[in-house]
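[1] Task: produce atomic coordinates for the following.
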Amino acid sequence: MKPLENEIKYLKGVGEHRARRLHKLNIFTIGDLLEHFPRDYINRTERDKISELKYNENCSFVGEISSVEKRNYSRKKSQLNIVITDGKDLLLCTWFRFGKWFTKQFEVGKQIWVSGVVTEFRHSPQLIHPEIEVLQDEEGETSFWHSRKVLPVYSLTDGISIHIMRKLIYTAFDKYTDEIEETLPVNLLKKYNFESRKISLQKIHFTQHPDKINNIKKRYKFEELFYTQLMLARSNLKHHEKKIGFNFVLNKTYTSNLKNSLPFSLTSAQKKVIREIVADMNSNKQMNRLLQGDVGSGKTIVTVFAMLLALENGFQSILMAPTEILAEQHFHSINKLLQQQKEVKIGLLKGGNYKGKKEVLSKISSGEIDIIIGTHALIQKNVTFKKVGLVAIDEQHRFGVEQRAILSEKNQHPDMIYLSATPIPRSLALTVYGDLDISIIDELPPNRKPIKTFWHNSNKKDIVFQNVERELKQGRQIYVVCPLIEESEKMDLLDAKSLYETISQKIFTQYKISLLHGRMKPKVKDEIMRDFKNGNIDVLVSTTVIEVGIDVPNATVMIIEHAERFGLSQLHQLRGRVGRGADRSYCYLIVYPPISNDGKERLNVMINSNDGFLIAEKDLEIRGPGEFFGTEQSGLPQFKHANIVRDKELLKQARIIAFSIIEKDFNLEDKENTILNTVYFSKYYKK
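    Numbering: from 1, shown residues only. Modelled structure (predicted):
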């Protein structure tokens with residue numbers, strides 16, 4: 001094992017306990033620590049003027065603590081105010097939730113760095129819950145940092161202070177600098193004027209001129225994008241050249257019967273996607289197609305057409321969903337679509353033991369069931385299929401790579417459709433799904449009414465609840481979503497449990513209220529969602545666990561607390577829980593100041609658009625990709641440094657170079673690709 005691959009616990013000053021803390025920051029090895037880059041820098045010699053700070057904009061500021069005041073309102077509620085001065089003006093910093101350890105670090109006269117959004121309080125600037133660092137020399141901190149003009153600022157976690165992090169960074173470089181190996185070939189370093197990995201890592205952490213490190217950061221962005229594209233290039237070439245699938249013939253029996261029995265006309269987008277899928281299934285190559293469509297766009301009908309095409313050729317089809325309740329919903333909706341074709345046999349397979357399961361397994365094995373719908377139970381060892389020709393995976397990002405691969409290998413590579421209700425802009429799809437063909441249903445059925453969306457400050461919630469009650473009196477149902485399950489000392493956010501108590505005991509006392517969150521057992525969650533679907537619950541207070549869920553046509557209102565905390569795509573997914581029926585639906589976004597300019601832009605986009613693809617593009621522009629669609633389970637590395645919106649030109653360049661290399665040297669065996677071979681097959685390649 002190479003030294004930089006050693007577990008972080010073996011670094012001097014870490015140990016087992018501190019290593020567990022560092023794991024929360026995705027730091028598992030010495031190498032991970034070296035690549036834990038600063039997110040900001042503090043210049044101790046620069047002094048901004050408080051009078052020049054602008055409201056609703058981010059600021060980073062070094063000043064002197066002028067006063068410290070703690071106010072206790074009750075056992076649970078308190079407020080901490082510290083006042084900072086630049087020698088002339090004053091800046092108020094306020095916290096409403098904090099630990100005992102937090103107040104001990106503030107002393108009048110000490111220098112402090114603060115960062116946050118500037119708000120207005122009584123015509124003066126204020127920072128609420130800013131990030132802070134008291135600029136002092138902690139006992140035991142390495143003397144290296146004492147004289148530094150510029151200090152790095154890192155993302156931290158409980159038990160890892162900024163002083164500890166800096167000390168560990170210094171220790172790691174002090175011992176392991178000579179172990180840092182190059183990861184890019186010389187020709188690419190020269191092409192982009194990149195410095196060596198060793199020098200660039202040192203400059204990132206220890207620079208005294210942070211304004212000059214953009215090109216160093218560009219090196220790491222390029223590296224991430226480049227190796228990801230190498231992986232996609234190999235996957236793409238391997239798929240198109242080596243995986244031979246089934247050659248289906250469109251007989252127009254079951255498929256035509258379905259088309260003629262529909263009580264509505266297919267949209268132009270649905271027809272286009274069906275043509276793309278039929279063309280794939282007519283070829284002898286295994287189809288690997290991502291089917292994107294906004295909530296309610298009709299992905300299920302398109303999938304059923306593909307399933308019936310497989311059936312026309314004597315093959316079974318599989319549809320795998322992430323939850324039992326979603327699988328049941330598919331089972332019932334597909335049965336309804338095919339109610340005039342009684343000869344098509346549809347089966348439902350769930351996990352656990354239940355009456356009739358053995359019979360279903362037997363019929364799947366014998367081929368008596370044509371369309372098999374189920375959960376993870378479909379990939380268990382005791383499930384055998386007669387002749388699978390098509391596999392569709394719903395909300396595919398919620399399944400791991402291995403789970404998806406098991407089905408893709410059934411019966412000599414069946415055709416694959418990956419369904420996603422999370423619109424993914426093409427710039428992101430190139431990175432994540434570069435080895436798949438992409439179909440998009442970007443048109444909603446004409447009878448769908450757009451959801452009316454509003455946003456209100458939290459002090460206007462009474463008005464929102466009055467409007468909502470009108471819906472409840474008409475027999476409608478509502479969702480209320482919170483970002484947290486329970487009260488937290490670290491975040492001043494409303495939590496689902498507290499809100500549930502308030503709504504059930506003080507606001508909608510005459511209605512049936514229920515609470516749903518992610519810590520509940522799957523069976524309990526499913527029971528609650530069934531009760532809500534069946535109309536036994538009027539108001540469902542929930543965390544984002546309902547972001548992807550079942551259709552409840554009678555639910556016409558979505559209230560999202562702390563909407564400023566969510567990304568646009570997540571807000572759109574939550575809003576998509578309503579508007580499933582014929583009645584007008586509403587979404588209320590409740591926000592808690594301060595709200596950044598980006599936050600306001602997100603809210604305005606939500607109000608002005610119901611187009612999921614436009615919203616996804618805006619989300620990427622404003623927020624960056626982040627955990628945009630569940631990259632953890634995509635089989636691809638998460639980007640620490642690159643942003644595929646801001647760095648899309650770099651992505652294009654990386655893609656061109658990577659695909660060119662793989663076309664000439666698939667296994668990276670040529671001499672000039674020695675470094676690429678070593679890095680790729682040790683760090684990125686997954687069998």
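[2] hey, let's count contacts and neighbours off CA atoms from now on
    OK.
[3] The stretch 351-500 of the chain: strands as residue ranges?
    371-374, 388-393, 415-420, 437-441, 452-457, 477-481 (DSSP state E, counting those that start in this stretch).
[4] State the mean pLDDT of the fifth one.
    Looking at strand 452-457 alone, the average pLDDT works out to 92.
[5] residues in contact with the strand or helix carrying K259?
    Here K259, judged by DSSP states H and E, is contained in helix 254-261. Here helix 254-261 makes contact (CA atoms under 8 Å, 6 or more residues apart in numbering) with F305, L308, L309, L311, E312, L337, L338, Q340, Q341.
[6] Are any of these buried, and if so which?
    Buried subset of the contacts of helix 254-261 (neighbour count, 16 or more other CA atoms under 10 Å): F305, L308, L309, L311, E312, L337, L338.
[7] And the helix holding K259, what's buried?
    For helix 254-261, by 16+ other CA under 10 Å, it's Y254, T255, L258, K259.
[8] Could you name the helices and strands sitting against the strand or helix carrying I132?
    Using DSSP H and E, I132 sits within strand 131-134. Counting contacts by 3 or more CA pairs under 8 Å, 6 or more residues apart in numbering; DSSP states H and E, strand 131-134 packs against strand 111-121.
[9] Contacts for the strand it packs on, please.
    42, 53-65, 125-136, 594-596.
[10] How many residues are close by the nearest residue to S297 once chain neighbours are set aside?
    Leaving aside its chain neighbours, S297 sits nearest to L444 (4.8 Å; criterion: CA to CA, 6 or more residues apart in numbering). Using other CA atoms under 10 Å, L444 has 20 other residues around it.
[11] how much space between the nearest residue to K9 once chain neighbours are set aside and E179?
    Excluding its sequence neighbours, the residue lying closest to K9 (CA to CA, 6+ apart) is G15, at 4.4 Å. Noted for G15: a distance of 21 Å to E179, by CA to CA, to the nearest Å.
[12] do the same with F37
    Taken as CA to CA, the span from F37 to E179 is 18 Å.
[13] Looking at these two, which is more packed in?
    When F37 is set against E179 and neighbours are counted by other CA under 10 Å, the residue ahead is F37, at 19 against 13.
[14] With D174 as the reference, measure out to the more buried one.
    F37 is 17 Å from D174, where distance means CA to CA.
[15] repeat for Q286
    For Q286 relative to D174 (CA to CA), the value is 52 Å.
[16] ok, the two, which is more surrounded?
    The residue with more neighbours, out of Q286 and D174, is Q286; 24 against 10, by other CA under 10 Å.
[17] before we move on, the earlier item: can you tell me which of the strands of the stretch 351-500 of the chain is packed in deepest?
    strand 388-393 (a mean of 28; mean count of other CA atoms under 10 Å).
[18] partners of it, with directions?
    Strand 388-393 pairs in its sheet with strand 316-320 (parallel), strand 415-420 (parallel), by DSSP bridges.
[19] other SSEs contacting the longest strand along the chain?
    Scanning the chain for the longest strand, with DSSP state E as the assignment, gives strand 58-72. The helices and strands touching strand 58-72, judged by 3+ CA pairs under 8 Å, 6+ apart, are strand 78-85, strand 111-121.
[20] how deep is L574 tucked in, by neighbour count?
    Residues near L574, counting by other CA under 10 Å: 22.
[21] That one should be in a helix, yeah?
    Yes: under DSSP: H, G, I helix; E, B strand; the rest coil, L574 falls within a helix.
[22] Tell me if I'm right that it and V545 touch.
    No: counting by CA atoms under 8 Å, L574 does not reach V545; the two are 9.5 Å apart.
[23] the helices in the stretch 351-500 of the chain, which residues?
    357-366, 401-408, 426-432, 461-473, 496-502 (DSSP state H, counting those that start in this stretch).
[24] weakest of those helices by average pLDDT?
    Minimum mean pLDDT among the helices of the stretch 351-500 of the chain: helix 401-408, a mean of 56.
[25] on that earlier part again, mind listing the strands the strand holding I132 pairs with, and their directions?
    Paired strands of strand 131-134, defined by DSSP bridges, are strand 111-121 (antiparallel).
[26] Using CSV, write out every CA atom in the strand it pairs with.
    What follows is strand 111-121 as a C-alpha-only set of coordinates in CSV (Å, rounded to 0.1, in the frame of the first residue of the first chain):
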residue,chain,number,x,y,z
GLN,A,111,-9.6,39.6,16.8
ILE,A,112,-12.3,37.6,15.0
TRP,A,113,-13.1,36.6,11.4
VAL,A,114,-16.8,36.4,10.5
SER,A,115,-18.5,35.5,7.3
GLY,A,116,-22.2,35.6,6.4
VAL,A,117,-25.0,37.5,4.7
VAL,A,118,-25.4,41.1,5.8
THR,A,119,-28.9,41.9,7.0
GLU,A,120,-30.4,45.1,8.5
PHE,A,121,-31.4,45.5,12.2
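[27] now that strand, how far from the centre of its chain.
    29 Å (CA atoms, centre = their mean, to the nearest Å).
[28] quick check: mean pLDDT across it?
    Strand 111-121 comes out at a mean pLDDT of 85.
[29] Give the other helices and strands that whatever helix or strand comes next after that strand contacts.
    As assigned by DSSP H and E, the chain's next helix or strand after strand 111-121 is strand 124-128. Where contact means 3+ CA pairs under 8 Å, 6+ apart, strand 124-128 is packed against strand 90-95, strand 111-121.
[30] Kindly reformat those strands as a markdown table containing distance to V557 and mean neighbour count.
    Shown next, in a markdown table, are the helices and strands packed on strand 124-128 (distance: least, CA to CA, whole Å; neighbours: other CA atoms under 10 Å):
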| stretch | distance to V557 | mean neighbour count |
| --- | --- | --- |
| strand 90-95 | 33 | 20 |
| strand 111-121 | 31 | 19 |
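[31] between the ones you listed, which one is nearest to E649?
    E649 lies closest to strand 111-121 among the helices and strands packed on strand 124-128, at 30.5 Å (CA to CA).
[32] That closest one versus strand 90-95: what angle between them?
    Angle of strand 111-121 versus strand 90-95, following axes from the mean of the first three to the mean of the last three CA atoms, to 10 degrees, is 90 degrees.
[33] burial count for S458?
    For S458, the neighbour count with other CA under 10 Å is 15.
[34] And for I42?
    I42: 20 neighbours (other CA under 10 Å).
[35] wait, it sits on Y154?
    No: the criterion here is CA under 8 Å, and I42 misses it with Y154 at 10.8 Å.
[36] picking up where we left off before, can you lay out the strands of the stretch 351-500 of the chain as a markdown table showing distance to N187?
    Listed next are the strands of the stretch 351-500 of the chain as a markdown table, based on distance: least, CA to CA, whole Å:
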| stretch | distance to N187 |
| --- | --- |
| strand 371-374 | 50 |
| strand 388-393 | 42 |
| strand 415-420 | 38 |
| strand 437-441 | 32 |
| strand 452-457 | 53 |
| strand 477-481 | 52 |
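[37] Which among those is found nearest to I325?
    strand 371-374 (9.8 Å).
[38] what's the average pLDDT for that closest one?
    Rounded mean pLDDT across strand 371-374 is 94.
[39] on contacts alone, who are the packing partners of it?
    strand 316-320, helix 324-337, strand 346-349.
[40] Could you rerun that using 10 Å?
    Judged by 3 or more CA pairs under 10 Å, 6 or more residues apart in numbering; DSSP states H and E, strand 371-374 is in contact with helix 299-312, strand 316-320, helix 324-337, strand 346-349, helix 357-366, strand 388-393.
[41] Including distance to K24, could those go into TSV?
    Listed next are those as TSV, based on distance: least, CA to CA, whole Å:
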stretch	distance to K24
helix 299-312	37
strand 316-320	32
helix 324-337	31
strand 346-349	37
helix 357-366	41
strand 388-393	31
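[42] ok, of the ones you listed, where does mean pLDDT dip lowest?
    Minimum mean pLDDT among the helices and strands packed on strand 371-374: helix 324-337, a mean of 88.
[43] Dump the C-alpha coordinates for that one into CSV.
    Extracted C-alpha coordinates of helix 324-337, given in CSV (Å, rounded to 0.1, in the frame of the first residue of the first chain):
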residue,chain,number,x,y,z
GLU,A,324,-43.3,-1.3,-2.2
ILE,A,325,-45.9,1.4,-2.3
LEU,A,326,-44.5,2.8,-5.6
ALA,A,327,-44.3,-0.8,-7.0
GLU,A,328,-48.0,-1.3,-6.0
GLN,A,329,-48.9,2.0,-7.7
HIS,A,330,-47.2,0.9,-10.9
PHE,A,331,-49.0,-2.5,-10.7
HIS,A,332,-52.4,-0.9,-10.4
SER,A,333,-51.9,1.8,-13.0
ILE,A,334,-50.5,-0.7,-15.6
ASN,A,335,-53.4,-3.1,-14.9
LYS,A,336,-55.7,-0.2,-15.6
LEU,A,337,-53.9,0.7,-18.9
